[in-house]
Each structure stands twice: as structure tokens, then as C-alpha cells.
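Colleague: starting from these lines, generate the structure:
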Amino acid sequence: TRRIGGRIMAVSRINEAGLNVNQYGNRNLIINGAMQVAQRATSVSVSDGSNEGYQSLDRYSFIYGNSAGGVATISQDTTVPSGYGFSNSYKVDVTTADTSVGSTHQVYFRQIIEAQTVRNSGWNYTDSTGNSKLTVSFWARSSKAGTYCLCLRDVDASGNMYYVKEYTLVADTWKHVTCSVPSNSSLVFNNDNGSGLEVIWNLVAGTDRDSATDGAWNTADTSRATSNQVNFFDSTSNVFYLTGVQVEVGDTATDFEHRTFADELARCQRYYHKIKADDSYMRFCNGFYYATTAAESIFNLPVTMRVEPSLESTGTASDYAYYDGVGVKSCSNLILNAGSNNNSMTLQSVAGSTTQGFGAVLIANNNTDAFIAASAEL
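Modeller: The predicted model follows:
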């Protein structure tokens, strides 16, 4: 406000001169771009059919397409570009090589952005002139020099659409990669919480997956990379790092939007929330016995999840128990009840006998590996 002629008047705009761009929040459509959050694990070995998908750093999934070969360890690492405020990176370390890539094989990792997030971002994605842009930027480093392919996939478009952009890395050298993606009249993003835009980092692409035109929207399912994509899995000496991932509306890559750990964790918890035992009898949530050998608990969630979540646990019922104030009652099952919603999970279990109506606490049964997790991933 400003006093003019004795009256208090509202000022219509802020003078933007000299204002640091990082003061404008919520530009980045990517979650966990600085690789701070790793609820599941900080290091996991991944191969085709083993630990694929979401397994380490939140919001990033690792995929072996069409039974591709090789084994890699995915981990949260501390190798970062100097002077940009990062502490962590996403690391891919090849432990078993694959020098014979099948024509349909593809190895990549990705983050999926909700359709409604893209649709309501301000990007005029259907502009037929291609003048409305979405800009992707990130820091990448690899021990294997050569050409790599970034791929953006529009899931809602008819038959899918792929935008592929090459970038070249010098061995063991960090590079800041930027890519401005043009609008296209064929793009579609539904106003819902389903998959919208996949941001994909290719590491391997067979000859039936590398027919894309660089720097253009492609419509064929074979157009996920170009023929210049390196085979990153050709040696166990190969290591790849990624950090500082940002996707924003506009034709310019602005400085990375650093968020607090608490902010990133809350964003991640829309898709996944995990509590792991920090002692042998960790208390997960309160409950009660609705029958002499059947108990129920409400596992409250810190944020509203994308959809009604599924339950993840160790898969061994005896890793859990109910404590009724008298003794520890081992569980013989642990299931998700239909009464769950996007804000809580109702857990039920057959457990050791006690008095019907007694209150009880769901705990780890002398096992520090026990955990309760809610998953609502894309």
C-alpha cells in the first residue's frame, strides 16, 4: 500500500528490478529434483524383473524395457557439481554389463508428472506455432563419454507422443543440460491425477527404439531415442550421475529452485509414505481388538495421497504384533481394509488372543527391518 493525498492506495505490482528469480516459488514441476529424499532405500541393485520401478530415490523409477540385460546399483550419492548448492545426486553404477543389446531393449529411468499438473501449469501446449515452450534442465555426468537422449512422453496423447533431445557428455565432467520443448497441437493432458508427462533419461536403446528425430515431436513408439544413443551398459566401469532436475514453463532455464527437505518430503509423500522401525518394538499406530483374535488400526497419512494407497510391508506377518498392555501378540496376517481412503489406511490383522474391545498398538515384532508404507505412485 501507499499513502497518496492522505488516502491509503493499493500498489498494483511489485517492482521486479533486481529481484532474485529464486524468490518466485513453485516454478519446478519436478519433485525431488535435488535428490534429497530417499524413503525406500539409499542403495539398491536393480535388474530386469528385480527391484525395477520405484526402489530408491523418491519419484524416480528405473526400467528395463522388454527384458533388457545388465545389472546396476542405483543409489543416492554425494557427487555433485561444485558451487550450485547441491548435496546429493542420483547415481547409476553398472555392475553387470550388457554388450549385446536386443532390438527392442531399452534401459532408462524417469519421473512421471501428473496430467493435471502439466495441464494447469500455464504452458499453452496445444499452440500450433510451437512458440509456447516447456524447458527442462539438469546436471549430468558420466564416466562414459558420448551422446545421450532425453525423452519426454505425452501419455494422454493418442498413440503417445515423444520429444527427444540429444545431449553430449565428456567423460567424468559435469554438464548443465537445457532443452526447450515446443508446444504441439496434438498434445493432450487430461485434467486428472493420472500419468501426464514422463521425463525419461535413456541409458540404452535398441535399434527398434532409436528412430527418433532429434529436437522434434515423434509419434512412433520406436521413437524413444536417436541412433546416436550410447550403450551405457557396455562396461562395469560406467557410472552416471544426475541432479538439479527442473521442468518449468517458458523458453529459458532459470536458476534451480532449491526447496527445503521438509517441502520436498511432503511433495513426495503424496505418492509414497514410509515409516520404518527405529527400534525392535517400534510403534506404528494405535488400534483395538474387535474380536478376541482380530485387531484393527488406523494408519494416518501426513498428506492427502494422489489416490487411495496400497499397503507395503515386509510381506512377513510375524514381523508385526499387537501390544495390548499385557503382552505382545504376534500377527499371522496384515491386510489393508476397504475402509481406507486418501488420508489414512485401515489395517486389519489376525493376532494373538486377548479380550475383545481392548485397545492395542501395532508394533514391530522384535524386528528393526519392519516397516509400514503407503504407495500411490503413478
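Colleague: quick one: buried residues of stretch 243-258?
Modeller: Within stretch 243-258, the residues that count as buried by 16 or more other Cβ atoms under 10 Å are 243-249, 253, 256-258. All C-beta atoms are positioned from the backbone trio N, CA, C, and that covers glycine.
Colleague: if we look at that stretch, which residues are touching it?
Modeller: Residues external to stretch 243-258 that are found in contact with it (Cβ atoms under 8 Å, 6 or more residues apart in numbering): 21-22, 25-30, 33-35, 80-81, 84-86, 88-90, 111, 113, 121-123, 133-139, 176, 178, 180, 197, 199.
Colleague: now the end-to-end length of that stretch.
Modeller: This stretch, stretch 243-258, spans 12 Å end to end (Cα to Cα, to the nearest Å).
Colleague: which members of the buried residues of stretch 243-258 are the farthest-apart pair?
Modeller: Using Cβ to Cβ, the two most remote members of the buried residues of stretch 243-258 are 243 and 249, lying 21.6 Å apart.
Colleague: let's have the buried residues of stretch 243-258 in JSON lines, adding secondary structure, distance to residue 230 and pLDDT.
Modeller: Supplementary listing: the buried residues of stretch 243-258 in JSON lines, determined by DSSP: H, G, I helix; E, B strand; the rest coil; distance: Cβ to Cβ, whole Å; pLDDT from 0 to 100:
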{"residue": "243", "secondary structure": "strand", "distance to residue 230": "20", "pLDDT": "99"}
{"residue": "244", "secondary structure": "strand", "distance to residue 230": "21", "pLDDT": "99"}
{"residue": "245", "secondary structure": "strand", "distance to residue 230": "20", "pLDDT": "99"}
{"residue": "246", "secondary structure": "strand", "distance to residue 230": "24", "pLDDT": "98"}
{"residue": "247", "secondary structure": "strand", "distance to residue 230": "24", "pLDDT": "98"}
{"residue": "248", "secondary structure": "strand", "distance to residue 230": "27", "pLDDT": "98"}
{"residue": "249", "secondary structure": "strand", "distance to residue 230": "31", "pLDDT": "98"}
{"residue": "253", "secondary structure": "coil", "distance to residue 230": "24", "pLDDT": "98"}
{"residue": "256", "secondary structure": "coil", "distance to residue 230": "26", "pLDDT": "98"}
{"residue": "257", "secondary structure": "coil", "distance to residue 230": "30", "pLDDT": "98"}
{"residue": "258", "secondary structure": "coil", "distance to residue 230": "31", "pLDDT": "98"}
